[in-house]
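Q: from the sequence below, what's the structure:
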Amino acid sequence: QVQLVESGGGLVQPGGSLRLSCAASGSIFSIGMFRIYAMGWYRQAPGKQRELVAAITGGGSTNYADSVKGRFTISRDNAKNTVYLQMNSLKPEDTAVYYCNTHPSNQQFWGQGTQVTVSS
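A: Predicted coordinates:
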């Protein structure tokens, strides 16, 4: 059984920053195995489809959605089975529930997500 637990969301003013964390556990993420999986951060805003925000390979190569390039940074700590998303210069349009998953995503792995609200 796989578990992905997101944390770090909250309410922040435009221009502010947040750091999200995603802790991975379970069968496929057993000791030493987490590093072989590409991971992604996804988000879903009200009334919109879930979209990929950023992804990182096991070796650390990254890619980003155009809307967050230069503002968000994805990273991972394979020893801790954790993926991070540093979000700077946040905009109201970044408001969404943020999720982590493998990349490509696996329908069975979606967790509860963490709410990010950018508002003054």
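
Q: what residues are up against the spatially closest residue to Ser67 that is not a sequence neighbour?
A: For Ser67, ignoring the flanking residues on the chain, the nearest one in space by CB to CB, 6 or more residues apart in numbering is Glu93 at 7.6 Å. Glycine gets a C-beta too; all of them are placed from N, C-alpha and C. Contacts of Glu93 were listed using CB atoms under 8 Å, 6 or more residues apart in numbering, and they are Ala45, Ser67, Val118.

Q: need the contact list for the spatially closest residue to Thr62 that is not a sequence neighbour.
A: Counting by CB to CB, 6+ apart, Thr62 lies nearest to Ile56, which is 4.9 Å off, once chain neighbours are set aside. Counting by CB under 8 Å, 6+ apart, Ile56 makes contact with Ala38, Met39, Gly40, Thr62, Ile74, Ser75, Arg76, Val83, His103.

Q: ok, now with 7 Å
A: Listed by CB atoms under 7 Å, 6 or more residues apart in numbering, the contact set of Ile56 reads Ala38, Met39, Thr62, Ile74, Ser75, Arg76, Val83.

Q: how about Arg35, secondary structure?
A: helix (DSSP: H, G, I helix; E, B strand; the rest coil).

Q: thought it was touching Gly58?
A: Yes - contact between Arg35 and Gly58 holds when scored by CB atoms under 7 Å: they sit 4.6 Å apart.

Q: that older thread, which strand residues bridge the residue nearest to Thr62?
A: In this entry, Ile56 is beta-bridged to Met39, Thr62, by DSSP bridges.

Q: check it and give its pLDDT.
A: According to the predicted model, the pLDDT of Ile56 comes to 98.

Q: check the contacts of Ile56 against Gly9 and report the nearest one.
A: Minimum separation from Gly9 among the contacts of Ile56 (CB to CB) is found for Val83, which lies at 14.4 Å.

Q: mean confidence (pLDDT) on the helix or strand where that closest one lies, please.
A: Assigned by DSSP states H and E, Val83 falls within strand 82-87. Summarised as a single mean, pLDDT over strand 82-87 is 98.
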